[in-house]
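Engineer: Quick one: sequence plus predicted model below, questions after.
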Amino acid sequence: MTDPLNDLFTLLPELILVAAALVVITVDLFLPRGAKWTLTPLAVFGMLLAGIGCALVWGVNDTVFAGFYVVDDLSVFLKVATLVIGVLAALFAPSYLVSRRLPLGEFNAILLFSLTGMFVLASSSDLVTMFLGLELMVMPAYLLTGFHKTDRYSNEGGLKYFLLGSFASAILLFGISWTYGLTGTTRVAEIGAGLTGSTAGIVALAMLTVGATFKVAAVPFHYWTPDAYQGAPTPLTGFLSVGPKLGAFALLVRLFVEGLGGDVRAEWLVVMAVLALLTMTGGNVVALAQVNVKRMLAYSSIAHTGYIMAALAAFAAAPSPAVQQRSVEAVLFYLLGYGVMNIAAFAVVGMLQRDPRRYGGLVSFAGLAGRAPWLAAAMAVLLLSLTGIPPTVGFFAKLYVLLAAVDAGMAWLAVAIALNAALAAFYYLRVIVYMYMRDPEPEPASIDGHPFGVAALAMSVVGVLALGIFVEPVLDFLRASAGSIF
Amino acid sequence: MLATGVVGGGLAVVTLRNIIHSAIAMMVCFGSLAGMYLLLGAGIVAAAQVLIYLGAISVLILFAIMLTQAGDANLPAPFHRQVWLAAVVTLVAIGLIGWVAVTTDWGAGAQAASVLLEELATTLFTDFALPFEILSLLLLAAIIGAIYLARRPEEDERVN
C-alpha cells in the first residue's frame, strides 16, 4: 500500500468538488434573498478549481486506495469533459430557475454532487466503487428531474426516472453479485477471465450490460427517457441528457474496455452492435414524429447514444490495439462534443419557455430569426452540429465514429450511421426552417435570457465551432489520455 | 418456510390495498430474509438486517405513513393493466436465472465467508475506506434532495 497522503492527493479534484458543494449549501443559508445569484459563480469557481486539481493529477497513472480507484490520464480526460458540462449546466440553469422561483442553492449543491459521482465513475477500478459512483451520479439526477416540484410533468418524470432507475440499479447490482460469485473478485481488471465460458458468466454479463445501457438510455431500455427529459426543467434536461450519459459511458469504457478480453469481447460485440443499431434507428424514427422540440431533442439524444455505442462495438471488433484505441478515442470525442452541443440546444429551448404554459413546441421557434437573430443563429449552429455538418464538432465526432467502424471491419454499421445521420437531418433542419422561414406567432413569449445563460450559450457556440475547426489540440489530449489504458 | 416469508411478504407489499398492511408485510419479508442470512452462515449481515431494516426502517416507514396519511387509506392498486403479461415475463426470467444458478458450478466463489465482526470492521475502515466515504456522500446528497422535495413550495419562495 502506498503512502496514504499521496493517495489523498490523487483525490484532489473530487475533494474540491465535495468542498464546493458543502460551501454552496452553507453560504446559501446566509445569503439575503437578492444575492442568491452569487451561488452560480461560486459553484462554477469550485468546478474551475477542480479543473486545476485535474491538471495536477495528470500523468499520475496510479492505482490508489487498495485498488479501488485508478487515477490515469483517461480518467483525467473524462473529468475535464465532466467539468465542461458541469460549468455549462450551472450557467444555463438560472435563466429558467430564477423566473420560476426555484432555489439556486439546492440546485448547485445537487449538481456538484452529481459531478462528483461522475468523477468516481471515471476513476473506478472496482465494481464496488463503480456502483457507488453510479448511484452518487443518478440520485441527484432523479432529484433534478423532479426539481420543479409544483409542476405535474416534472413530478411524473422524476418518479418514473427514479422507479425505473432503481430497477436498473438493482439489475446491475445483481449482475455484480453474480460476477463476484463466479470470479471471487470485484476488481474490474480481474473479472474477465472468470466470466468466460459459462452460462452463468453470460447471465452476469447480460445483467451488467442491461444495467449500464439503461443509464445511457439505449433502446430497448429507453422508455423512461422522453418523460423524464420532457418533465425536467429544460436547462436541467440538457444536463440530464449529457451528464449521466457521460458517466454511464465512462462506466462502460471502464468495465468493458478494461475488464473484458478475448472470448467475452466477441460475445459482447454482437450485443453491442445490435443495441447500437436499434438505438440510433429507434431514436431517430420516433424523433421524426415529434412536434415538441424538447421531446424531439430527448429522442434525438437516444439516437446519439446509438452512435457512441457503435464506436464501442467498433472497439470490440477491432483487430489490433491501435484500432481499439482509435475507437475509444471516438467514444471520448463524441461524448465531449455531444455534451456541449446538446446541453446548449436544450438551454435555447428553455429560454423560449418563459411563459410556463409553453412546453417547447415547434411554433415557439417560428420566426425567431426576426425577433432574436443572435439566438436563432446560435440555435442554427447547434442544430447543424447535431446534424453533423462541417465545420462543427458534430461533423468530426460522427466522422471519427465512422472511421472507427470502417477500420474495425464493420462497414454495415458505418452505412447505418450515415443513413441515420441523413434521417436526423430532416428533423433538425425543420427547426431551422421554422426559425428562418415562418412568420412568428401573434404574441410570442419574451426570451428568458439570464446573463449567465447568454454567456454560456456564447461559450458553447464558440466551443462547438472551435472544436470543429481547431480539432488537433483536443485530439492530442485525447490520444494521450486514451493511450493510458492501452 | 423462510423463502415463503420473503416471497409472500414481497408479493403482499405490492398487492395489498391498505398501505399499513403493506408496511407490515414488508416487515415479514425483511424478517424472513434475516433468517435466511443466518442459515447461510452470515450472522453479522443477519444482525444488521434485523437492526436496520426490521428495526429502524420499518418503524420509520410506519411512522411516516401514520403522520402523512389523511382519510381513507385504501388506495387502488396502481399497476394492474398489464399484470398478466408482466407475470409471464417475470416467471420466464425467474425460471431462466434459477436454472442457470442451479446448474452452475460456483466453485471457490461460493464459499460462505464467515467473518468476525472485528475483521469486518478492520476491512471496512482500511481497504474499503474510500467506498465507505463515497457512500456517506451519497447519503448526504440524498438527504439534501429529500429535504428540498419535502419542503413546502412557499418556503422555497421565501428563501430564493
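Structural biologist: Perfect, I can see it now.
Engineer: any weak-confidence spans in the stretch 101-250 of chain A?
Structural biologist: Flagging of the stretch 101-250 of chain A using pLDDT under 70 yields an empty set of residue ranges.
Engineer: Up against chain B, what does it have?
Structural biologist: Taking Cβ under 8 Å from any Cβ of the partner chain as the criterion, the neighbours of chain B within the stretch 101-250 of chain A are A:101-106, A:109-110, A:113-114, A:116-117, A:120, A:126, A:128-129, A:132-133, A:135-136, A:139-140, A:142-143, A:146, A:149-150, A:180-184, A:194, A:198-200, A:203. C-betas here are computed from N, CA, C, even on glycine.
Engineer: since we're on residue 82, how many residues are nearby?
Structural biologist: Assuming you mean chain A. For A:Thr82, the tally of surrounding residues (other Cβ atoms under 10 Å in any protein chain shown) stands at 33.
Engineer: let's do chain B instead
Structural biologist: 9.
Engineer: picking that back up, mind checking which of the residues of the stretch 101-250 of chain A next to chain B land in helices?
Structural biologist: With helices taken from DSSP state H, the overlap with those comprises A:104-106, A:109-110, A:113-114, A:116-117, A:120, A:128-129, A:132-133, A:135-136, A:139-140, A:142-143, A:180-183, A:194, A:199-200, A:203.
Engineer: could you flag which of those residues are buried?
Structural biologist: By neighbour count, with 16 or more other Cβ atoms under 10 Å in any protein chain shown, those hold A:104-106, A:109-110, A:113-114, A:116-117, A:120, A:128-129, A:132-133, A:135-136, A:139-140, A:142-143, A:180-183, A:194, A:200, A:203 as buried.
Engineer: ranges for the helices of chain B?
Structural biologist: Listed in chain order, the helices of chain B (DSSP H) span B:2-15, B:19-39, B:43-48, B:58-68, B:83-103, B:117-125, B:129-150, B:153-159.
Engineer: Among the ones you listed, which comes closest to chain A?
Structural biologist: Nearest to chain A among the helices of chain B is helix B:129-150 (3.8 Å), distances taken as Cβ to the nearest Cβ.
Engineer: Show the average pLDDT along the closest one.
Structural biologist: On average, the pLDDT along helix B:129-150 is 91.
Engineer: Could you do stretch B:100-107 as well?
Structural biologist: Throughout stretch B:100-107, pLDDT has a mean value of 78.
Engineer: OK, contacts around the residue in the stretch 201-350 of chain A positioned nearest to chain B?
Structural biologist: Using Cβ to the nearest Cβ, the single residue of the stretch 201-350 of chain A nearest to chain B is A:Val203, 5.1 Å away. Going by Cβ atoms under 8 Å, 6 or more residues apart in numbering or on different chains, A:Val203 touches A:178, B:96-97, B:100.
Engineer: From B:Ala141, how far out is the residue lying closest to B:Tyr148 once chain neighbours are set aside?
Structural biologist: In space, B:Tyr148 comes closest to A:Glu106 once its chain neighbours are excluded; the distance is 4.6 Å by Cβ to Cβ, 6 or more residues apart in numbering or on different chains. Between A:Glu106 and B:Ala141 the distance, using Cβ to Cβ, to the nearest Å, works out to 11 Å.
Engineer: now do A:Lys160
Structural biologist: The value you get for A:Lys160 to B:Ala141, if Cβ to Cβ is used, is 20 Å.
Engineer: same deal with A:Ala19?
Structural biologist: With distances taken as Cβ to Cβ, A:Ala19 is found 14 Å from B:Ala141.
Engineer: B:Ala23 now?
Structural biologist: Look at B:Ala23 and B:Ala141: by Cβ to Cβ, they are 26 Å apart.
Engineer: quick one: which of those two has more around it?
Structural biologist: Neighbours per residue, other Cβ under 10 Å: of B:Ala23 and B:Ala141, the larger number sits with B:Ala141, 25 against 19.
Engineer: Might one say that the more buried one is in contact with A:Phe113?
Structural biologist: Yes - taking contact to mean Cβ atoms under 8 Å, the distance of 3.9 Å between B:Ala141 and A:Phe113 places them in contact.
Engineer: so B:Leu16 makes contact with B:Ala23?
Structural biologist: No - the pair B:Leu16 / B:Ala23 is not scored as a contact, 9.4 Å apart, by Cβ under 8 Å.
Engineer: Can you tell me which residue sits nearest the middle of chain A?
Structural biologist: Nearest to the centroid of the C-alpha atoms of chain A, with distances taken as Cα atoms, centre = their mean, sits A:Val242, at 2.5 Å.
Engineer: nearest residue to that one other than its sequence neighbours?
Structural biologist: Distances taken as Cβ to Cβ, 6+ apart place A:Gly339 nearest to A:Val242, at 4.2 Å, with adjacent residues excluded.
Engineer: residue contacts, that neighbour?
Structural biologist: Remark: with contacts taken as Cβ under 8 Å, 6+ apart, A:Gly339 is in contact with A:81, A:84-85, A:242-243, A:246.
Engineer: out of these, which one sits closest to A:Ala322?
Structural biologist: Looking at the contacts of A:Gly339 and their distance to A:Ala322, the nearest is A:Ala81, at 23.0 Å (Cβ to Cβ).
Engineer: So the closest one, which state does it fall into?
Structural biologist: Taking DSSP: H, G, I helix; E, B strand; the rest coil as the rule, one finds A:Ala81 in the helix state.
Engineer: Could you do A:Asp439 as well?
Structural biologist: Following three-state DSSP, we place A:Asp439 in the coil state.
Engineer: contacting residues around the nearest residue to it once chain neighbours are set aside?
Structural biologist: Taking Cβ to Cβ, 6+ apart as the measure, A:Asp439 lies nearest to A:Gly367, with 5.3 Å between them; neighbours along the chain are not counted. Residues touching A:Gly367, when contacts are defined by Cβ under 8 Å, 6+ apart, comprise A:434-435, A:438-441, A:444.
Engineer: ok so, going back, OK, contacts around the residue nearest to B:Tyr148?
Structural biologist: With contacts defined as Cβ under 8 Å, 6+ apart, the neighbours of A:Glu106 are A:25, A:28, B:144-145, B:148.
Engineer: lowest-pLDDT helix or strand in chain B?
Structural biologist: helix B:153-159 (a mean of 61; mean pLDDT, DSSP states H and E).
Engineer: Show me what the helix or strand harbouring the residue nearest to the centre of chain A is packed against.
Structural biologist: In this structure, A:Val242 is located in helix A:234-252 according to DSSP states H and E. Here helix A:234-252 is seen to pack against helix A:73-92, helix A:94-97, helix A:104-123, helix A:127-145, helix A:199-215, helix A:225-231, helix A:293-317, helix A:321-351 when contacts are counted using 3 or more Cβ pairs under 8 Å, 6 or more residues apart in numbering or on different chains; DSSP states H and E.
Engineer: Okay then, goodbye and thanks.
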